[in-house]
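Novice: sharing a model that was predicted from the sequence below.
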Amino acid sequence: AGQDLPDSVRMGQRLTGRLVLIGWTATGSTDMVTTSLHSRCPGVVVHGVITNAVLTGDWWRRAPNWIGPLLTAGLGVLTSLAAGRLSAWRAAIAAVIIGVGYLVINGVLLFDYGDLILPTAAPLVAVAATWAVGTVIRLVDEAIKRIRTARDLAVMHHEMELARGVQQALIPKTAPELTGVISEGWTLPADMTGGDCFDLWLLPDGRLGILLADASGHGLAPSMVVSQTRSLVRAISEIETHPNDVLARVNSRMAQDLEPGRFITVFLGFLASDGTLHW
């Protein structure tokens, strides 16, 4: 039956009680070696560990050479995904978790219990380097986006200023003079441009044209709509003498151009010097 036992067991049975390791560890002894566990380890301890490994077959084994590059690439890709998808501080936490997790798995599970030696430095360097490069790239990308956003906002602000200037130019600078009537007007838009406007002008027959208009919404689009309305009212009032006929034509024209849901509220009056108002 002894022939069926492993060689290490049979060797252990033969050497039990017969093998003695003698070491010299006195002060100043040169029987000290540097190991991965201690900078000055007694040589006899090293011999004992080797002998124990021979008898028990409990040797450390190196993983195949391809495992190291594969782990390095895998951890690098995992870290790059975290750096690309998470915020900066969450990506940093994820990189720490990935590095610590690999150390625990490598050092405790594989090394202590599996006696398997896997690369440590390269995968950890890959995690740190990938996180650093990913963070730098992300910061640069965010800086470029901020610059582009600021540029676009500056262009938009400039265009809004131009639109505001055009809209302000449509407001009467001086009130028209009509016998027996004092006319004044004032407006203050909520934004740089708005959908409100008023107009005072003299009709061909000498009456005072009074327009108040409000296009739905705020911003540039309503200002364009209300400016178009003002222009149409002025043009059509040259040939139509009653506000109803003027607005009927304006309504027909604007209904073809406005998007669904947009509208304009308008008051239009024609005031004569004797106080007669058609509206």
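Specialist: Structure received.
Novice: can you list the buried residues in the worst-scoring helix or strand of the chain on mean pLDDT?
Specialist: Least confident helix or strand, the chain: helix 7-15 with a mean of 71, by mean pLDDT, DSSP states H and E. Buried residues in helix 7-15, counting neighbours by 16 or more other Cβ atoms under 10 Å, are found at residue 12. C-beta coordinates here come from the backbone N, C-alpha and C atoms, glycine included.
Novice: try stretch 107-124
Specialist: 118-119, 122-124.
Novice: just the endpoints, please. Distance across that stretch?
Specialist: Using Cα to Cα, to the nearest Å, one end of stretch 107-124 lies 13 Å from the other.
Novice: next one: that stretch to chain centre, how far?
Specialist: Its chain's average C-alpha position is 37 Å from that of stretch 107-124, according to Cα atoms, centre = their mean, to the nearest Å.
Novice: repeat that for stretch 92-102.
Specialist: With Cα atoms, centre = their mean, you get 22 Å for stretch 92-102.
Novice: run through who's touching that stretch.
Specialist: The contact list for stretch 92-102, computed with Cβ atoms under 8 Å, 6 or more residues apart in numbering, reads 71, 75, 78-79, 82-83, 86, 123-124, 127-128, 130-131, 135.
Novice: ok, back up a step: distance between the least confident helix or strand of the chain and the chain's centre?
Specialist: 66 Å.
Novice: run through this structure and note the low-pLDDT ranges.
Specialist: For the chain, the stretches flagged by pLDDT under 70 are 1-8, 25-29, 37, 57, 190-193.
Novice: OK, contacts around the residue most central in space within it?
Specialist: Among the residues of the chain, residue 142 comes closest to the average C-alpha position under Cα atoms, centre = their mean, at 7.6 Å. By Cβ under 8 Å, 6+ apart, the contact set of residue 142 is empty.
Novice: could you pull up phi and psi at it?
Specialist: For residue 142, the backbone dihedrals (degrees, to the nearest 10) come out as phi -70, psi -40.
Novice: distance check, it against residue 133.
Specialist: Distance of residue 142 to residue 133, computed by Cβ to Cβ, to the nearest Å: 15 Å.
Novice: do the same with residue 244
Specialist: 72 Å.
Novice: so which of those two has more stuff around it?
Specialist: residue 133 (14 against 10; other Cβ atoms under 10 Å).
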